[in-house]
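Trainee: Model the structure of this input:
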Amino acid sequence: MNQNIGNLTIQYNRQERAWEVVGGANPQQFQAGPVGKQAVIKFAIREAFPEVATAVTQLVQKNSLASGRAWAAAQLLIENHVLEPGDDAEIPCIARVVSQQHGRCHHYYINHQDGTLTCTCPDYEAGGVVIGNQGLCKHLLAFLLGRHLNWPLHIPEKPLPPDTVQLRRLAAGRWRGRIATRVNGSQNGQSHTAVPTGIPAYANGEPVSANHQSAYASFINVTGRPPFNDEKLMSWYYGR
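Mentor: Take a look at the predicted model:
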């Protein structure tokens, strides 16, 4: 599966048996396997978000044990996984971070406690990496990195209420394009009815969510064309 970081795309070239990054001035290739994938992600972050890469490098120079978590934190930040608390947070917090492993429905919560920051993730609870008196995980590092760079926290998307438009995968979950459907709530569950929409669409055909339409309009005003997908839009919006 391809991965976008800013205006760059990371993909695995099966013919060359190598990870590669395309979209920049010169395509780059890296060895296959986890080591190569980590290297290509670091390269893409340095190219697309140099200010983020500089901050991570400075942190790693001070504490080399934080390297893996720091680069993972950078990826969390630029992919808009660091969220405002939101009024639907399960517990009081100062921020929350979307899990990379468990998907956008799973959040870890960041808080102040006894003069230090805390996170509800397993890595922090197991000790993480300690700098000074502060235990750190990649979620806390992403939050602190955002503060250091004055990076705006992403607004969490609220669950869709009944009788609204949402996206549905077709063909038993396999990708066959997407359609907009209306969710009709009932005591016996929900039914989905295809409906026409006037919602703006990305270049890949996906409708733009309501809370991203202002960013979508700004992108078109600047570039004269629609962004390929939501990830490219928000990377551009927060990285410009």
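
Trainee: Could you verify my assumption that Pro227 touches Tyr237?
Mentor: No. Using Cβ atoms under 8 Å, Pro227 is not in contact with Tyr237, being 9.0 Å away. C-beta here means a position set from N, CA and C on the backbone, and glycine is covered the same way.

Trainee: quick one: pLDDT of the residue positioned nearest the centre of the chain?
Mentor: Centroid check for the chain by Cα atoms, centre = their mean gives Glu79 as the closest residue, at 2.7 Å. Note for Glu79: predicted pLDDT of 90.

Trainee: Could you do Val222 as well?
Mentor: 74.

Trainee: Report the secondary structure state of it.
Mentor: helix (DSSP: H, G, I helix; E, B strand; the rest coil).

Trainee: got the contact list for the longest helix anywhere in the chain?
Mentor: Ordering each helix of the chain by length in residues (DSSP state H) puts helix 33-48 first. With contacts defined as Cβ atoms under 8 Å, 6 or more residues apart in numbering, helix 33-48 is touched by 3, 5-8, 10, 18-21, 24, 28, 30-31, 52-53, 56, 71, 74-75, 78, 235, 239.

Trainee: What pLDDT is listed against Ala171?
Mentor: 34.

Trainee: And Arg182, by the same measure?
Mentor: Listed pLDDT for Arg182 reads 44.

Trainee: Thr9 too?
Mentor: On the pLDDT scale, Thr9 is placed at 88.

Trainee: Where does it sit, in terms of helix or strand?
Mentor: Per DSSP states H and E: Thr9 is located in strand 8-13.

Trainee: what helices or strands is the helix or strand that comes right after that strand leaning on?
Mentor: Next helix or strand after strand 8-13 toward the C-terminus (DSSP H and E): strand 18-22. Secondary-structure packing of strand 18-22 (3 or more Cβ pairs under 8 Å, 6 or more residues apart in numbering; DSSP states H and E): strand 8-13, strand 28-31, helix 33-48.

Trainee: Quick check: buried residues in strand 18-22?
Mentor: Neighbour-count burial for strand 18-22, counted by 16 or more other Cβ atoms under 10 Å, picks out Ala18, Trp19, Glu20, Val21.

Trainee: quick one: which of these is nearest to His148?
Mentor: Val21 (25.4 Å; Cβ to Cβ).

Trainee: What's the separation between the closest one and Phe228?
Mentor: With the distance defined as Cβ to Cβ, to the nearest Å, Val21 ends up 16 Å from Phe228.

Trainee: Glu47 now?
Mentor: In terms of Cβ to Cβ, Glu47 sits 18 Å off from Phe228.

Trainee: more crowded one of the two?
Mentor: Using other Cβ atoms under 10 Å, the more surrounded residue of Glu47 and Phe228 is Glu47, with 19 against 15.

Trainee: Flag the shaky bits of this protein, pLDDT-wise.
Mentor: For the chain, the stretches with pLDDT under 70 are 1, 103-104, 157-198, 238-240.

Trainee: Could you pull out the buried residues of the lengthiest strand in the chain?
Mentor: As assigned by DSSP state E, the longest strand anywhere in the chain is strand 103-113. Within strand 103-113, the residues that count as buried by 16+ other Cβ under 10 Å are His107, Tyr108, Tyr109, Ile110, Asn111.

Trainee: swap in stretch 51-67?
Mentor: For stretch 51-67, a neighbour-count test (16+ other Cβ under 10 Å) marks Val52, Ala53, Ala55, Val56, Leu59, Val60, Ala66, Ser67 as buried.

Trainee: Done for today, thanks.
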